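Undergrad: Provided below are the primary sequence and the corresponding predicted coordinates.
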There are 2 protein chains.
Amino acid sequence: MSAPPLSDAMIDRVARRFRALGEPQRLRILQVLQQGPRTVGEVVAALAGNQPNISRHLQELHEAGMLRRRREGNSIYYSIGDPVVNELCALVCGCAQREMEAELAALRGDGNSTAAAKTN
Amino acid sequence: MSAPPLSDAMIDRVARRFRALGEPQRLRILQVLQQGPRTVGEVVAALAGNQPNISRHLQELHEAGMLRRRREGNSIYYSIGDPVVNELCALVCGCAQREMEAELAALRGDGNSTAAAKTN
DNA sequence: TGGCTATATGCTCATGCAAGCATATAATTG
DNA sequence: CAATTATATGCTTGCATGAGCATATAGCCA
C-alpha cells in the first residue's frame, strides 16, 4: 500500500527504459560513454561493430531518455544524459556479480550454496 | 577509466536482469509483490491475467534472481528476493515520471521545455 | 485409491527486434 | 557546384519471446 498502482502509460515508460538496458550491445555502448562523450564513429571504433548497428542503438538509448546528443561540425556526440543510468548499472552489476560469485562457489563443490541451488 | 570493461559473461547477466524488468506485465507482477509475498493464484487474481502466463513471468523473474519461491502446502509463494529490485524500480519510476511531466509541460505549449524538445 | 486444487509445461501463433547490407541525408571543404 | 566524411534510414532475414490454449505434474483430502 505504499503507492497506488502505476498507470499503464507509466508502466510502459518504465518498461521501455529497462528494455533499452536489456541489450548486451547497448550496455557495452554505455560502458564506452561512461568514460565521456563520444561520437558515433568513436563508439564504433571502440566496439568493433558496424556503424548502422551502433547508430541505431544510440538512437534507441537516446529515445529512451538516457543519452544526450550534441552536434559538433560534422560529428554527433552522444553522452550519458541522466546520472540515474550509472546508478542503475552499478546496482545491477553489483548483484549480477554476487550471483556469479555464488555460482562459482557452488561449482567449487560446497553443497549448501545460497544462490545457485535450484530450490525447485 | 573507472573500471575495466566487464566480461561478456557479466554483460549478459546484467542484460538479462534488465530484460526481465523490461516487460510491462512483469512490472505489474512486481508491483503486486511489493505488497508482500503472494501465491501464483493471488497474482493471477490481482492482475486478471491467465494463470500460465503469470506463472511463466514469475519463473522468469525468479530465474533472473529477483524473486524467492516458497512452497506452502499446495501453493507456492513468490516474494521479492532482492531489495535491489525495489531500488531499481524506484529510480526508473522517478525519471520516467519526470519525463512524463516534461512532455506534458511541452504539450501545454511552452516552447522552451527541457526534456521533450527533439533537439535534432 | 480417486477427486480436487494449485502450479507448471508443451505447443503454436504472432510480434518485436537485432544484425547486416545498401543507400540516403547532413555538414564540411575545395 | 562536386567530393568527402559522418551519421541516419530502408529493407530483409532470422531469432527470441509473449500470449493463449490444452494438458501435465504436485500436493492435499476423503
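TA: That came in fine, so what should we check first?

Undergrad: which bits of chain A sit near DNA strand D?
TA: A:39-41, A:51-52, A:55-56, A:58-59, A:69, A:74-77 (CB under 7 Å from any atom of the strand). Glycine gets a C-beta too; all of them are placed from N, C-alpha and C.

Undergrad: max pairwise distance over those residues: which two?
TA: Greatest spatial distance in the residues of chain A next to DNA strand D: A:56 and A:74, 19.6 Å, computed using CB to CB.

Undergrad: more neighbours, those two?
TA: residue A:56 (12 against 7; other CB atoms under 10 Å in any protein chain shown).

Undergrad: so that one sits in a helix?
TA: Yes. According to DSSP: H, G, I helix; E, B strand; the rest coil, residue A:56 belongs to a helix.

Undergrad: now the strands for chain A?
TA: A:38-39, A:67-72, A:75-80 (DSSP state E).

Undergrad: export these to a markdown table and tack on mean neighbour count?
TA: Shown next, in a markdown table, are these (neighbours: other CB atoms under 10 Å in any protein chain shown):
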| stretch | mean neighbour count |
| --- | --- |
| strand A:38-39 | 18 |
| strand A:67-72 | 14 |
| strand A:75-80 | 17 |
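
Undergrad: between these, which one is closest to residue B:96.
TA: strand A:67-72 (15.6 Å).

Undergrad: can you tell me what sits against the closest one?
TA: A:33, A:37, A:39, A:58, A:61-62, A:76-81, B:119-120 (CB atoms under 8 Å, 6 or more residues apart in numbering or on different chains).

Undergrad: Serialize these to TSV and add fields for pLDDT.
TA: Listed next are these as TSV, based on pLDDT from 0 to 100:
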residue	pLDDT
A:33	97
A:37	98
A:39	98
A:58	98
A:61	97
A:62	96
A:76	98
A:77	98
A:78	98
A:79	98
A:80	97
A:81	93
B:119	36
B:120	33
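
Undergrad: can you give the distance of the lowest-mean-pLDDT helix or strand in chain A from its chain's centre?
TA: Least confident helix or strand, chain A: helix A:83-107 with a mean of 91, by mean pLDDT, DSSP states H and E. With CA atoms, centre = their mean, to the nearest Å as the basis, helix A:83-107 stands 12 Å off its chain's centre.

Undergrad: compute the inter-axis angle for that helix and strand A:75-80.
TA: 60 degrees (axes from the mean of the first three to the mean of the last three CA atoms, to 10 degrees).

Undergrad: now helix A:83-107: buried residues?
TA: A:84-85, A:88-89, A:91-93, A:95-96, A:99-100, A:102, A:106 (16 or more other CB atoms under 10 Å in any protein chain shown).
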